[in-house]
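**Student:** Provide a 3D model corresponding to the input given below.
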Amino acid sequence: MAPLEKTLSILGPAGAGKDTALGFLLFKLGGIDLFTAQRFERDGIKLYSDAVKDLQSRGLQLSFYTPNYHLVVSSGSSKVDCVILVIPTDSANVDFEKELVEAAGFSKSIIVLINKMDTVGWSEEVFRASVKSLGPATEGIFVIPFCALKGDNVLEMSSKSLWYKNATLLEALETELSSS
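**Tutor:** Alright, predicted model coming up:
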C-alpha cells in the first residue's frame, strides 16, 4: 500500500533553523534522490539550508517520507495537515506564544522543535525556559529538544538529552498525522 499523502508547513522566526531542519528531513527521509545529491556535491552545496534554497529556487516540490506518510511541504499560507514550529534556544527570553497561535491557524496538529540545543550544552533548564516562552497552549503538543545540524531527536532519541523522555520528531509526525 502506498503511503498516504499529507501536507506540512515549517514555521518559525528568521534564524531559527527552519531550512536546516527541512534539509535534514529531506536528506534522511527520502526527499533527495541520488542524482540531486550528486549535483549538490558537484556544485559544492554542503549545508542543509543551502540545499533547501537550491531546490526552492528551481521550483521543485519538497517532500519526504515517514513510515506511513508522504509529506509534501507547503510553502504557502494554506491549511495543512501538520505544522512544525521551529524555535531557537538562543531566544529563550522571547515570547513565542504569538508564533504558536499563528501555527494553530494553519493546522490543529502542531509539533514544536526547540532548535540549537547543542549551543546550550543540551541544558534541560534552557529547554524548559523555551517551552515556557510558548505560553500555556503547549498542553498536548509535542515539544522536542532538537539540533537540526546533527539531527538529534529526529529518527532516534539523542544520548545528549537523556532527561527528555517523549517522542522523536519522526514518532511525533506519525502520531500527529494519524489524527489529522
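**Student:** which stretches of the protein form helices?
**Tutor:** According to DSSP state H, the chain carries its helices in the segments 18-28, 34-43, 48-57, 97-106, 124-132, 169-178.
**Student:** tilt between the helix or strand of the chain with the lowest mean pLDDT and helix 124-132?
**Tutor:** For the chain, the helix or strand with the lowest mean confidence is helix 97-106, at a mean of 72 (criterion: mean pLDDT, DSSP states H and E). Relative orientation of helix 97-106 with respect to helix 124-132: 60 degrees, computed using axes from the mean of the first three to the mean of the last three C-alpha atoms, to 10 degrees.
**Student:** can you list the buried residues in helix 97-106?
**Tutor:** Neighbour-count burial for helix 97-106, with 16 or more other C-beta atoms under 10 Å as criterion, is recorded at Glu99, Leu100, Ala103, Phe106. C-beta: built from backbone N, CA, C; applies to glycine.
**Student:** how about the contacts made by Ser74?
**Tutor:** Thr7, Leu8, Ser9, Val80 (C-beta atoms under 8 Å, 6 or more residues apart in numbering).
**Student:** now swap in Tyr48 and tell me
**Tutor:** Contact partners of Tyr48, counting by C-beta under 8 Å, 6+ apart, are Asp19, Thr20, Ala21, Leu22, Gly23, Phe24, Leu26, Phe27, Ala148, Leu149.
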